[in-house]
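Chemist: Sequence and computational prediction follow.
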Amino acid sequence: MAEVRRGFKSEAERLAERVRAQIGLRPDVPPDIFQLADHLRVEVIDAQELVGMDSLQELELLQPGAFSAATFHLPGGRTVAVYNPCNEPARTKSDIAHELAHVLLGHEVREVQQIGGHAFFTCNPEQEEEANWLAGCLLLPRQLLLRHAYAGTDAQALAAAAGVSVPMARFRLNTSGVLLQARRSRAARGR
């Protein structure tokens, strides 16, 4: 797994705050991912509008998780994010946020790979990690995490409240430092 460059995590937190503020979201409220996409002028399309659901389900059987979402920059400045409707809604929300993060960060497709007669567009591993991190910041902003950490909320309850997957909630709680901050605050009050 690639690591993000030094300073990126703080930059991503600030970028997510700015973007959320631009669409009028309070810093402690989960976003509507489609509102965020509209703000960024990214069309979000269900992949079954492009290929049959049978094909998507067959791909999922052959290679589970092979396709979650992809972003295409089309002629005329049109940007389209296509997502896999076979995934759970919480996972889809994360997938779309990941694609929006690529757009916000200006990531470009690095190469086209052919697998089984199908073309796949890839970004480099560092860009994938950056998009993962920023997606988490967009979906679960620090103020929302702090509110839940101080309340003693676990990852499952946070996921349910924010409409994200449990792995995404756990990732943000564990990597953002809010759990440690809440523990230290409780310990200081207990003295």
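Modeler: Here it is on my side, so go on.
Chemist: Show me where this protein has its helices.
Modeler: For the chain, the helices defined by DSSP state H cover 8-22, 33-39, 53-62, 89-104, 125-139, 142-150, 155-162, 166-175, 178-190.
Chemist: Where does the prediction get shaky in this structure?
Modeler: In the predicted model, the chain carries pLDDT under 70 at residues 1-2, 109-123, 191.
Chemist: middle-most residue in it, spatially?
Modeler: Nearest to the geometric centre of the chain sits residue 135, at 3.0 Å (CA atoms, centre = their mean).
Chemist: Touching, that residue and residue 104? I think so.
Modeler: No - using CB atoms under 8 Å, residue 135 is not in contact with residue 104, being 9.7 Å away. For every residue, glycine as well, the C-beta is placed using N, CA and C.
Chemist: quick one on the thing from earlier: how about the helices of the chain, which one is nearest residue 73?
Modeler: Residue 73 lies closest, by CB to CB, to one member of the helices of the chain: helix 89-104, at 8.8 Å.
Chemist: ok, the residue nearest to the centre of the chain to residue 93 distance?
Modeler: Separation of residue 135 from residue 93 (CB to CB, to the nearest Å): 9 Å.
Chemist: Distance to residue 45 added to the helices of the chain, as CSV?
Modeler: Output for those, formatted as CSV (distance: least, CB to CB, whole Å):
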stretch, distance to residue 45
helix 8-22, 21
helix 33-39, 10
helix 53-62, 13
helix 89-104, 10
helix 125-139, 18
helix 142-150, 28
helix 155-162, 24
helix 166-175, 22
helix 178-190, 34
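Chemist: No further queries at this time; thank you.
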